[in-house]
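[1] Sequence plus the predicted model coming up.
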Amino acid sequence: MTNSYSSSKKALRLVFIHGLNNNPECFLPIMDHFRALGYETELVVLPGHGEVREETSSHKTAFSHFTSRMKLISTAPYAVIAFSQGALYLQLWLEKNPDNKPVSQVLLAPALYLRRQKFLDKVLLKLPAWLTIKSFSPKPFRRYHTMKIWEYRTLFDGVKTYQKTKGKFRIPTKVFIDPMDELVDSQTLEECLAASNLGHGVELVRRPTLKRGPGQHHIIFHPDYFRPEEWERFTGLVLDFLLRFEATR
């Protein structure tokens, strides 16, 4: 499933990919921001976040559905802005589809290396797959109020699959992350980018006035989690990176 918005004054489309348990509506503000700059914007809805939740019953099944959706949007010049699990799916897809790659990618708090990953993975494996737990995502951003253990297992299986690729980026890449991110291991991400000749660094997004709480610093795509001047700087840096490679495509 994809959602398209408006038409474009530019030849390059911007494709957005959300994260785990996000509803599509929460990405409208950042999409509208870039649409106002003349970009056509399109949202890829992740497996399990549309009409059929069981699309994420396993990593293999989920990735198959993601691949089908990417076929719909990867036929023209485009760049991608992907958040969290969406960034993870994208890297796995690029490994298998190098001929359909975007011009560049902006990864927002990409779920490629996780804090306490080994410990949490062991815990998930011990819990029954059908068990539900309350989602800690802010209510306006949630697709579901509770999450299944098998949905988290799918995330962790994808992370482990990605890490076997040695974490090499295939296209020009810019990563944005809050150093206080509750989910993503920002230090390992920086080391990964440093080892890749296509990485263009990690931009640390510091928000000193942001309230503490589960997942607060992980949310790096919505203006409600930035002061106005912070949001302006953040989106300006994203635009600068996109323009750099848009001009050379």
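    Arrived safely.
[2] the strands in this structure, which residues?
    Under the criterion DSSP state E, strands of the chain are mapped to 2-5, 13-17, 41-44, 78-83, 105-108, 132-134, 146-148, 173-177, 199-204.
[3] residues of the second one that come out buried?
    Residues 13-17 are the ones in strand 13-17 that count as buried (16 or more other CB atoms under 10 Å). Using the backbone N, CA and C atoms, a C-beta is placed for each residue, glycine as well.
[4] Distance to F83 and pLDDT added to these, as a markdown table?
    A markdown table is the format used below for the buried residues of strand 13-17 (distance: CB to CB, whole Å; pLDDT from 0 to 100):
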| residue | distance to F83 | pLDDT |
| --- | --- | --- |
| R13 | 17 | 92 |
| L14 | 13 | 96 |
| V15 | 12 | 96 |
| F16 | 8 | 97 |
| I17 | 7 | 97 |
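[5] could you dump those residues to CSV with distance to F234?
    Below are those laid out as CSV (distance: CB to CB, whole Å):
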residue, distance to F234
R13, 21
L14, 15
V15, 19
F16, 15
I17, 18
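[6] Which residue, neighbours along the chain excluded, lies closest to H33?
    Spatial nearest neighbour of H33, excluding adjacent residues (CB to CB, 6 or more residues apart in numbering): T235 at 5.8 Å.
[7] how close does that neighbour get to G19?
    Using CB to CB, to the nearest Å, T235 is found at 18 Å from G19.
[8] hmm, back to that, of all the buried residues of strand 13-17, which two lie farthest apart?
    Using CB to CB, these span at most 13.0 Å, a distance reached by R13 and I17.
[9] who touches the helix ranked longest in the chain?
    For the chain, the longest helix by residue count, based on DSSP state H, is helix 228-246. Helix 228-246 is contacted by residues 10, 12, 14, 30, 33-34, 37, 79, 81, 103-104, 106, 172, 174, 176, 200, 203, 205, 207, 220, 223, 226 when judged by CB atoms under 8 Å, 6 or more residues apart in numbering.
[10] How about the contacts made by the residue nearest the centre of the chain?
    In the chain, the residue lying closest to the centroid (CA atoms, centre = their mean) is F83, at 1.9 Å. Neighbouring residues of F83 by CB under 8 Å, 6+ apart: 16-19, 22, 27, 107-110, 220-221.
[11] 6 Å instead?
    By CB atoms under 6 Å, 6 or more residues apart in numbering, the contact list for F83 reads 18-19, 108, 221.
[12] could I get the strands of the chain as CSV with distance to E51?
    What follows is those, written out as CSV (distance: least, CB to CB, whole Å):
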stretch, distance to E51
strand 2-5, 13
strand 13-17, 18
strand 41-44, 15
strand 78-83, 21
strand 105-108, 26
strand 132-134, 19
strand 146-148, 16
strand 173-177, 31
strand 199-204, 36
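[13] Could you report the distance from Y144 to T209?
    Taken as CB to CB, the span from Y144 to T209 is 30 Å.
[14] Settle it for me: which of those two has more neighbours?
    Set side by side, Y144 and T209 show more neighbours around Y144, with 16 against 7, by other CB atoms under 10 Å.
[15] picking that back up, and the strands of the chain, which is most packed in?
    With neighbours defined as mean count of other CB atoms under 10 Å, the strands of the chain peak in mean count at strand 105-108, which reaches a mean of 28.
[16] What is it packed up against?
    For strand 105-108, the elements it packs on are strand 78-83, strand 173-177, judged by 3 or more CB pairs under 6 Å, 6 or more residues apart in numbering; DSSP states H and E.
[17] JSON lines for those, including mean pLDDT?
    Output for the helices and strands packed on strand 105-108, formatted as JSON lines (pLDDT from 0 to 100):
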{"stretch": "strand 78-83", "mean pLDDT": "97"}
{"stretch": "strand 173-177", "mean pLDDT": "92"}
